[in-house]
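> Here you go, sequence then predicted model.
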Amino acid sequence: QVQLVESGGKLVQAGGSLRLSCAASGRTFSTYAKGWFRQAPGKEREFVAAINWSGGVTYYADSVKGRLTISRDNAKNTVYLQMNSLRPEDTAVYYCAAGTLRVGDLKQDYWGTGTLVTVSS
């Protein structure tokens with residue numbers, strides 16, 4: 001069993017930066033791939049980024065490539081999402097997930113409860 005708790009979401013101006021964190025509990029944290037998804041108001045949840053167990057393989061949605069970076073620290077049981085050059089369209093609830101890495105995606109087994117990121121224009 002893995003429990004995930006996100007933090008770091010807040011109101012930020014367009015062009016600004018933010019780092020989200022996802023703290024995990026569970027003895028098998030390091031064996032799971034991790035990912036970030038987001039859900040904007042009135043829209044379906046969408047894939048943002050994913051990383052394999054070692055951190056050596058990453059995937060990104062085209063809309064965030066070059067601006068958002070996923071990383072993980074298995075010693076701290078934490079996965080991060082560094083968000084730069086933020087845009088109003090990045091406004092969403094961001095969810096952390098754990099599961100199995102697929103090419104360009106993550107098959108989710110566990111979800112966090114989400115953290116809200118609001119980007120003002």
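Done, it's in.
> what's the burial count for residue 109?
13 (other Cβ atoms under 10 Å). Quick note: C-beta positions are derived from backbone N, CA and C, even for glycine.
> so it touches residue 99, yeah?
Yes: counting by Cβ atoms under 8 Å, residue 109 does reach residue 99; the two are 4.2 Å apart.
> which neighbours do those two share?
Residues within reach of residue 109 and of residue 99 at once, by Cβ atoms under 8 Å, 6 or more residues apart in numbering, are residue 32.
> On the three-state scheme, residue 30 is what?
The local conformation at residue 30, judged by DSSP: H, G, I helix; E, B strand; the rest coil, is helix.
> Run through the neighbouring helices and strands of the strand or helix carrying residue 99.
Counting by DSSP states H and E, the element that carries residue 99 is strand 92-102. On a contact count with 3 or more Cβ pairs under 8 Å, 6 or more residues apart in numbering; DSSP states H and E, strand 92-102 meets strand 3-7, strand 18-25, strand 33-39, strand 46-51, strand 105-111, strand 115-120.
> Report the separation between residue 1 and residue 98.
10 Å (Cβ to Cβ, to the nearest Å).
> Chain neighbours aside, what residue packs nearest to the most centrally placed residue in the chain?
Centrality entry for the chain: nearest residue to the mean C-alpha point is residue 36, 2.6 Å, by Cα atoms, centre = their mean. Counting by Cβ to Cβ, 6 or more residues apart in numbering, residue 36 lies nearest to residue 48, which is 4.3 Å off, once chain neighbours are set aside.
> So the one you found sits against residue 64, correct?
Yes: checked against Cβ under 8 Å, the pair residue 48 and residue 64 is within contact range at 5.8 Å.
> Looking at the two, which is more packed in?
residue 48 (25 against 21).
> on that earlier part again, I'd like to know how far the residue nearest to the centre of the chain sits from residue 121.
Using Cβ to Cβ, we find residue 36 at a distance of 23 Å from residue 121.
> just residue 17 next, same as before
The spacing between residue 17 and residue 121, counted by Cβ to Cβ, is 16 Å.
> do residue 31 as well
Using Cβ to Cβ, we find residue 31 at a distance of 41 Å from residue 121.
> just to revisit the earlier point, what residues of the strand holding residue 99 count as buried?
Using 16 or more other Cβ atoms under 10 Å as the test for burial, strand 92-102 gives 92, 93, 94, 95, 96, 97, 98, 99, 101.
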